[in-house]
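> next come a sequence and a model predicted from it.
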4 protein chains.
Amino acid sequence: MTIVEKVEVGVLGATGTVGRRIVRLLADHPWFRVAEVAGSPGSAGALFPEALAADDDGPLPESVAGLRLRDPGQPWSVPLVLSSIPSAAALEVEAGLARAGHLVVSNASAHRMDPTVPLVIPDVNPDHLALLDRQAGRWSGGIVTNPNCSAAGLAVALAPLHRRFGVTRVVVATLQAISGAGRPGPPAGQLLDNVVPFITGEEEKLISEPGKILGRIDGGEWVPAEFPVSPSVHRVPVSHGHLLAVSVELEDPPTPDEAARVLAGFAPPDEVRALPSVPERPIRVLDAPDRPQPRLDRDEGEGMVVTVGRIRPCPVLSLKFSVLSHNLFRGAAGAAVMNAELCRARGRVGSGAPS
Amino acid sequence: MTIVEKVEVGVLGATGTVGRRIVRLLADHPWFRVAEVAGSPGSAGALFPEALAADDDGPLPESVAGLRLRDPGQPWSVPLVLSSIPSAAALEVEAGLARAGHLVVSNASAHRMDPTVPLVIPDVNPDHLALLDRQAGRWSGGIVTNPNCSAAGLAVALAPLHRRFGVTRVVVATLQAISGAGRPGPPAGQLLDNVVPFITGEEEKLISEPGKILGRIDGGEWVPAEFPVSPSVHRVPVSHGHLLAVSVELEDPPTPDEAARVLAGFAPPDEVRALPSVPERPIRVLDAPDRPQPRLDRDEGEGMVVTVGRIRPCPVLSLKFSVLSHNLFRGAAGAAVMNAELCRARGRVGSGAPS
Amino acid sequence: MTIVEKVEVGVLGATGTVGRRIVRLLADHPWFRVAEVAGSPGSAGALFPEALAADDDGPLPESVAGLRLRDPGQPWSVPLVLSSIPSAAALEVEAGLARAGHLVVSNASAHRMDPTVPLVIPDVNPDHLALLDRQAGRWSGGIVTNPNCSAAGLAVALAPLHRRFGVTRVVVATLQAISGAGRPGPPAGQLLDNVVPFITGEEEKLISEPGKILGRIDGGEWVPAEFPVSPSVHRVPVSHGHLLAVSVELEDPPTPDEAARVLAGFAPPDEVRALPSVPERPIRVLDAPDRPQPRLDRDEGEGMVVTVGRIRPCPVLSLKFSVLSHNLFRGAAGAAVMNAELCRARGRVGSGAPS
Amino acid sequence: MTIVEKVEVGVLGATGTVGRRIVRLLADHPWFRVAEVAGSPGSAGALFPEALAADDDGPLPESVAGLRLRDPGQPWSVPLVLSSIPSAAALEVEAGLARAGHLVVSNASAHRMDPTVPLVIPDVNPDHLALLDRQAGRWSGGIVTNPNCSAAGLAVALAPLHRRFGVTRVVVATLQAISGAGRPGPPAGQLLDNVVPFITGEEEKLISEPGKILGRIDGGEWVPAEFPVSPSVHRVPVSHGHLLAVSVELEDPPTPDEAARVLAGFAPPDEVRALPSVPERPIRVLDAPDRPQPRLDRDEGEGMVVTVGRIRPCPVLSLKFSVLSHNLFRGAAGAAVMNAELCRARGRVGSGAPS
């Protein structure tokens, strides 16, 4: 594939925890160039770096440090907008952008479960992008979404098992990192010598999203995978990296060794593997009995590789294992960038500005 | 019940994390008087307080501060010994004490699954104490055990549900406190910005112990409850308090409200409720959507009350909820003391020194 | 002293981190009865417990659980108001209450350095209360303040040294707890695997307040102690308890042993010692080489005793030591309650409602 | 400088926290090749990666992954040995190596204050290397040391100030990371919701080492800088990065701005700057009021740049500021590697194996 000219993209929600990582990932991207950034309406006009609080992700690359924040409500001039704004706002704002002809690649949950909106992980269900055709009469542009940050890791780990052995039921407990809560996130006093067994809205997403992602497109329609997921979510004092304890029932249960081989061998189709941000092998299987661990394993493959360990029989369902994925990369910013790449590769991004 | 004279007891493993809490709980106990304490063989002769590293449980009560550590291998003069030594040593040492005529109330795992050894939580299965009779030909004394620190909370929460609705399968993820690992416990570097999905030997105990505790005594024999338990354990940076995310399948599934009523209403029989360390209501049900939390709820009922929250339907099994119990009190030291009390109340403690 | 009738008091800022602890401390107080509570203006009308977020300080005592929050701007009917509102608001609100005839005992910094306002720690400088007379023409009521939460511990530790050996210079580094920042406090992400060498406005208070507290009243006027303090403050991931590393230059330098004796022997005058919340010995000296530590020592004397350890020569100034005090009790809520007690004992509290 | 052939080096203590970082830093080093590694005597024979516990520094580079651990007591074949063994062992072991003709570059404290042993930070006092000549009659090889991990950051920050303004007294409080304690380091329970105001032996090193480093060589003899240092050390729950709050008295006190310029402008001589591991500018001055912070700033310049912030007047001494340096790189492994480089550049490393 030869891509001669970089596509200009906009980033909506660019000053948030996820947005700034999207900007970073795009800063030296071979296919995209960040041309417009917007934060909250009140921040319009400020130089991008000045709108950012001191942070743990360091100074911005030069290519974006000179950008000024635009008013998110004013018309955008780019064909492609990556959005990571809060879901309450996303419902209308993203639909408005799609109506105005932009392709919106969104990390927000607002449109994820809309039956005409693709919920895509490129190395898992790239063909779902075809749902964009169902948006034709509705918007002149379109909306593509990526999953919730803990559903992302779960879906990647379930995908090869589902294809090969048929997932029928899933029980999952999560230990989720602080950065998954955005800014400012939970107060320090809450997570000192403590863990919290609740995150607003999180279990609902873990219930609904995996079935959409692992479903299939049939006659242009989305047909969900029909397995129930039972999540119990927890916030733990970890900076980045969501850890999941998964028990899964399978139609045709493999041994742990077979499962490990299938997980480790999971590879996206060549077309997807050629996308700049998709790892060669999306899953790394660890043998050590006490892995994966957030601090040790979250950065695997620059945060895009999901690590799986402790694969063993489940005496209640079929198989049990631990899954770790970086909530900001595989689970959010990187997920959106991969989706933008898939859209570009499949010719879903218009070359000029929308009218 | 009138108890005129205090029973003299010994504490074996008195310098450990659990042992010193046992000593504290017994320091002003209405029925018992700590007469002998022993740590490791090398510590014999030292004044008890001097053998303790500076600690977070403060200075010792006067009634025990003057004791000297004895050689654990020398004959004991007390009828009752509470033991919290490492399991590898416990197998022989505790059997030796039982052979010498002592009643051993043990927190160690060594003898827990022995079919002639009662594994007892007084407010759950006090009748299992009858298994002591099966030890008659074996030892002139006897051994009674309490469960593992995370199995304890699980068994208490399952007990009323099992009786009323019939537990058939359990999936449980644990988030366990540091103090459950004893001294020195995991290094600080391991649990800073991290959680660890493994604790040696812990899942095995969560698999085997609940079925023993919730089993029944039939014709003097122990008949286990036959439901599989599938645990996934984690160590988290919390000082005290093990949190469990439990999914349970029930023969006759209740609504969450019914389950909450049954859990909150769970009360031990009068004989057990009269024991000094048994709480009036062993379970407290919390309504707030984000409870129980270790730091906020572990000290409920001086660490002897198990808190349960987030009771909701499980889309895979029947019911889902969170359980929190203090690993050092309900899960270890308090469990042993309750067992000693039950033994005393049922006349299982000889009045004099064993021969 | 016989106090027949309890004085009715109001608590302003009752829903904050400090205010709720004041309410608790007063709930069963022998001299005071909480009759009125107010939070922010918007919270007026709510039942007090309902206005409180779930918290680590547990359910409220019955005696105050039935109170409703009043509008803080409406006239109060009590003679004495304890205030712990933010300083920006305190400047006017507290002056208004004093003008209306109330005695205001304030934890806010707004009026602390006002030369006519006493800045009092009862076991250190009770005679400073006489400054109230200087407020006569200004307000029909009055304002009494207690120090900043880290200045409090420093002033208590310096007081006996200053009297006996003459403090001439102080260098102090602080390691301050999260709860010192009120609600919500710093975000969890900021203090995970991190410490922060800055707290807004804190160093200014450590510079100015000790000299006021250790100054003297001469002819009814306040004369400050004239020693410079050089602070370097840090926020650390500790829930409660401010730890200070103090180097002090003394006119007449003692040996560490002499200093330890003077510190441990420090006792308030009998009149002050009779106040319900003043500890018998305000300072406890610890011998262990690695104490005081926040988690182990902050609760000494129900958080009202300051612990001092590591007393040793300072090769640059004269003497060096570590000081720990509970920021919410000795440093805030308890400090205010002691001041209210001192005011009551000295007849500074009117018996009826102000006109 | 043209270096055609890599010098073969040995690493003693290669399995420890510092040693493995030395190995990593040398793995692709332009001047050195790791030819021999040794851990504890008991580990001899094992493949190097197998002797390492799972760790936070990831898999080893290929160039060293195939090495086998040698018996540290057997003769070494390399001219240069980098040592990071415990100081108790280092006294004899390192002297033995020096006697056998090796040049030992040591991170251990054993020989640091020996008047004939250079204590060197290449970008601060490279000329101290000349002290090696004083070892001539003693050993056929030699010993060069680098400072303690917190003294390193202090000495770098003081160096340009001392040269220009004359340091006369220093008060310093440290907040030190866990990894400074090596393995296993403090237990997790000790540093959860806690800080500890003591580290064995640390204050002694902070008192003695800066004066040696900032001293001068006069007629081949070491003449120490004669300013007292008064340290108060603390262990805090931070993984890496020692933070220091420094108050310094200067003969000719600058304004904070002047001090900032001098610190930021500090540059080693060209000969030293050409060493592969020496940063262009050893100090970075930060303007933000709340920096440096360990998590945000420790990795500056791959952990070799010291960050300084909060430069302000000290009302007791002259100037006050915060210093942060990575304890494992600038403070240990990187310090040793820089010293090895300096030795090589100055022709202090023999080309063949010692006899």
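Received the coordinates, thanks.
> near chain B, which residues of the stretch 251-355 of chain A show up?
Residues of the stretch 251-355 of chain A found near chain B (C-beta under 8 Å from any C-beta of the partner chain) are A:289-296, A:309-310, A:314-317, A:320, A:322. No exception for glycine: its C-beta is placed from N, CA and C like everyone else's.
> hmm, 6 Å instead?
A:289-290, A:293-295, A:314-316, A:322 (C-beta under 6 Å from any C-beta of the partner chain).
> next one: the helix or strand of chain A with the lowest mean pLDDT to chain centre, how far?
None of the helices or strands of chain A scores lower by mean pLDDT, DSSP states H and E than helix A:62-65, at a mean of 87. Computed by C-alpha atoms, centre = their mean, to the nearest Å, the chain-centroid distance of helix A:62-65 equals 24 Å.
> can you check stretch A:191-204 too?
Centroid displacement of stretch A:191-204 relative to its chain, using C-alpha atoms, centre = their mean, is 20 Å.
> end-to-end on that stretch?
From its first residue to its last, stretch A:191-204 covers 23 Å (C-alpha to C-alpha, to the nearest Å).
> how about stretch A:195-214?
So stretch A:195-214: terminal residues 31 Å apart, C-alpha to C-alpha.
> most remote residue from chain A's center?
Centroid-distance maximum for chain A: residue A:315 at 31.5 Å, with C-alpha atoms, centre = their mean.
> and the gap between that one and chain D?
Look at residue A:315 and chain D: by C-beta to the nearest C-beta, to the nearest Å, they are 27 Å apart.
> residues contacting that residue?
Residue A:315 is in contact with B:228, B:230, counting by C-beta atoms under 6 Å, 6 or more residues apart in numbering or on different chains.
> let's verify it: helix, strand, or coil?
The local conformation at residue A:315, judged by DSSP: H, G, I helix; E, B strand; the rest coil, is coil.
> mean confidence for stretch A:99-113?
Taken as a whole, stretch A:99-113 has a mean pLDDT of 97.
> quick check: which element contains residue A:33?
Assessed by DSSP states H and E, residue A:33 sits inside strand A:32-38.
> same for that strand, what does it pack against?
Where contact means 3 or more C-beta pairs under 6 Å, 6 or more residues apart in numbering or on different chains; DSSP states H and E, strand A:32-38 is packed against strand A:7-12, helix A:17-27, strand A:69-70.
> can you list contacts of the shortest one?
If I follow you right, that is strand A:69-70. With contacts defined as C-beta under 6 Å, 6+ apart, strand A:69-70 is touched by A:36-39, A:43-44, A:46, A:48, A:51.
> equivalent analysis for stretch A:32-41, please.
Against stretch A:32-41 from outside (C-beta under 6 Å, 6+ apart): A:6-12, A:14-15, A:23, A:26, A:48, A:51, A:64, A:67, A:69-70, A:72, A:76, A:78.
> now a ChimeraX select for only the buried ones of those.
Typed into ChimeraX, the next command selects the buried ones out of these (criterion: 16 or more other C-beta atoms under 10 Å in any protein chain shown):
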select /A:7,8,9,10,11,12,14,15,23,26,48,51,64,67,69,70,72,76,78
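> excluding covalently adjacent residues, which one is nearest to residue A:332?
If the residues on either side of it in the chain are set aside, residue A:332 comes closest to residue A:18, at 4.4 Å by C-beta to C-beta, 6 or more residues apart in numbering or on different chains.
> ah, wrong one, I meant residue A:146
Among residues not flanking residue A:146 along the chain, residue A:335 sits closest, at 3.7 Å (C-beta to C-beta, 6+ apart).
> what separates that neighbour from residue C:143, distance-wise?
Between residue A:335 and residue C:143 the computed distance is 57 Å (C-beta to C-beta, to the nearest Å).
> who's in contact with residue A:245?
Neighbouring residues of residue A:245 by C-beta under 6 Å, 6+ apart: A:173, A:322, B:173, B:232.
> wait, the last one touches residue B:172, no?
No: shown here, residue B:232 and residue B:172 do not form a contact pair, counting by C-beta atoms under 6 Å, at 7.5 Å.
> between these two, who's got more neighbours?
Taking other C-beta atoms under 10 Å in any protein chain shown, residue B:232 and residue B:172 do not tie; residue B:172 has more neighbours (31 against 26).
> just confirm that one is within a strand.
Yes: applying three-state DSSP, one finds residue B:172 inside a strand.
> what residues are up against it?
B:231, B:244, B:246.
> re earlier: next, the buried residues of the least confident helix or strand of chain A.
Of the residues in helix A:62-65, residue A:64 count as buried by neighbour count, 16+ other C-beta under 10 Å.
> got the contact list for residue A:239?
For residue A:239, the contact set (C-beta under 6 Å, 6+ apart) comprises A:177-178, B:193, C:192.
> show me which of these is closest to chain D.
Closest approach between the contacts of residue A:239 and chain D, by C-beta to the nearest C-beta: residue B:193, at 6.8 Å.
> phi, psi of that closest one?
The phi and psi values for residue B:193, taken as degrees, to the nearest 10, are phi 50, psi 40.
> pretty sure it contacts residue A:295?
Yes: taking C-beta under 6 Å as the definition, residue B:193 is a contact partner of residue A:295 at 5.1 Å.
> between the two, which is the more surrounded one?
Shown here are residue B:193 and residue A:295; by other C-beta under 10 Å, residue B:193 has more neighbours (24 against 21).
> and the helices in chain A?
Secondary structure of chain A by DSSP state H: the helices cover A:17-27, A:62-65, A:87-99, A:149-165, A:202-213, A:256-265, A:270-273, A:294-297, A:334-345.
> residue ranges with poor pLDDT in chain A?
Scanning chain A for pLDDT under 70 picks out A:1-4, A:53-56, A:351-355.
> what residues does it have near chain C?
Counting by C-beta under 6 Å from any C-beta, chain A comes close to chain C at A:178, A:184-189, A:191-192, A:239.
> among those residues, which two are most distant?
A:189 and A:239 (16.8 Å; C-beta to C-beta).
> what does the stretch 101-250 of chain A put close to chain D?
Within the stretch 101-250 of chain A, the positions near chain D by C-beta under 6 Å from any C-beta are A:192-193.
> still on that earlier bit, direction included, what does the strand holding residue A:33 pair against?
strand A:7-12 (parallel), strand A:69-70 (parallel) (DSSP bridges).
> figure out how far it is from the centre of its chain.
In terms of C-alpha atoms, centre = their mean, the centre of strand A:32-38 is found 19 Å from the chain centre.
> now do the same contact list for residue A:314.
Residue A:314 neighbours (C-beta under 6 Å, 6+ apart): A:247, A:320, B:230.
> and the residue nearest to it when sequence neighbours are not counted, how many neighbours?
Computed as C-beta to C-beta, 6+ apart, the closest residue to residue A:314 that is not its neighbour in sequence is residue A:320, at 3.9 Å. The burial count assigned to residue A:320 is 24, neighbours taken as other C-beta under 10 Å.
> check residue A:257 too.
Residues lying near residue A:257 (other C-beta under 10 Å) number 9.
> would you quantify the distance from it to chain B?
Remark: distance between residue A:257 and chain B (C-beta to the nearest C-beta) = 19 Å.
> who are the contact partners of residue A:152?
Neighbouring residues of residue A:152 by C-beta under 6 Å, 6+ apart: A:330-331, A:335.
> try it again with 8 Å
With contact set as C-beta atoms under 8 Å, 6 or more residues apart in numbering or on different chains, residue A:152 has these partners: A:121, A:146, A:325, A:330-332, A:335.
> please narrow these to those residing in strands.
Residues of those located in strands (DSSP state E): residue A:325.
> save the contacts of residue A:152 as JSON lines, and put in neighbour count too.
Below are those laid out as JSON lines (neighbours: other C-beta atoms under 10 Å in any protein chain shown):
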{"residue": "A:121", "neighbour count": "26"}
{"residue": "A:146", "neighbour count": "31"}
{"residue": "A:325", "neighbour count": "35"}
{"residue": "A:330", "neighbour count": "30"}
{"residue": "A:331", "neighbour count": "31"}
{"residue": "A:332", "neighbour count": "28"}
{"residue": "A:335", "neighbour count": "29"}
